[in-house]
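Novice: Predicted model and sequence follow; I will ask about them next.
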Amino acid sequence: MNVTHNSGDVVIMDDVLPTRQCATLHDFLHEAAWRFGWKSASKTDQFSFWHAHFAGHRKAKKEKEYPCADELATTAPLVFEMWEHLHDTVFAGHTLVRCYANAHSYGTDGTIHTDSKKADSHTAVYYPHDEWLPNWAGETVIFNDDRSDIIAAVYPRPNRMAIFRGNSPHVARGVSRTCPVLRITLMFKTRLEP
């Protein structure tokens, strides 16, 4: 893993997984049990996108969060391998509370939202693509706390991960009309243990 950006608010790492593991995870996520109808903010969003749940509470169902690494080991062993690597490195001292993937095609835009209200929560967004072109768009945009300005825009470069506070407002920008593939992201939601 190479840290290519660290502003304190957002950490961007490239070459997160070895090439072979990245390709295997890419194939797994393209065959995931996708369901259409997920929303960034279920009470206010008008439009939906694709979602695959692997472990942890489901925010839309108002379940309480709980440690879910063991659940992930059962439901998605390939993703669990990645989590183990992250837990041993950048997420040492963190507990995994949620893991899932989202997918956007042209016309399925996200909306600005936060993943948590808690200051000790973190979100990691991983881009498992084997290719991504600049004209396809699909950036993850992270805003300041009052949503008045952008603090980072993360290009969905293959094998890249962005990590930021779970209470940071952010949005998955839609892909362009020229994008011929799903924009898939794999999310790890964590809580930093005291």
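Specialist: Perfect, I can see it now.

Novice: and the residue nearest to R173 when sequence neighbours are not counted, how many neighbours?
Specialist: Leaving out its chain neighbours, the residue that sits closest to R173 by C-beta to C-beta, 6 or more residues apart in numbering is E139, at 5.0 Å. C-beta here means a position set from N, CA and C on the backbone, and glycine is covered the same way. Residues lying near E139 (other C-beta atoms under 10 Å) number 19.

Novice: Can you give me every residue that contacts E139?
Specialist: Residues near E139 by C-beta atoms under 8 Å, 6 or more residues apart in numbering: A153, V154, Y155, P156, R173.

Novice: ok, M161 touching V16?
Specialist: Yes. Applying C-beta atoms under 8 Å as the test, M161 and V16 come out as touching, 4.8 Å apart.

Novice: Common neighbours of those two, please.
Specialist: Shared contacts of M161 and V16 (C-beta under 8 Å, 6+ apart): M1, Y126.

Novice: pLDDT of stretch 19-34, averaged?
Specialist: Average pLDDT, stretch 19-34: 92.

Novice: Sorry, wrong one. I was asking about stretch 64-81.
Specialist: Across stretch 64-81, pLDDT averages out at 95.

Novice: re the thing from before, write the ChimeraX selection for whichever of the contacts of E139 are buried.
Specialist: Remark: buried members of the contacts of E139, expressed as a ChimeraX selection using 16 or more other C-beta atoms under 10 Å:
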select :154,156,173
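
Novice: ok, of the contacts of E139, which one's closest to L192?
Specialist: Lowest distance from L192 to the contacts of E139 (C-beta to C-beta) belongs to V154, with 21.0 Å.

Novice: ok, that closest one touching W132?
Specialist: No. Counting by C-beta under 8 Å, V154 stays clear of W132, with 11.5 Å between them.

Novice: Narrow the contacts of E139 to those in strands?
Specialist: A153, V154 (DSSP state E).

Novice: which one of the contacts of E139 is nearest V3?
Specialist: Distances from V3 to these, taken as C-beta to C-beta, are shortest for V154 (13.3 Å).
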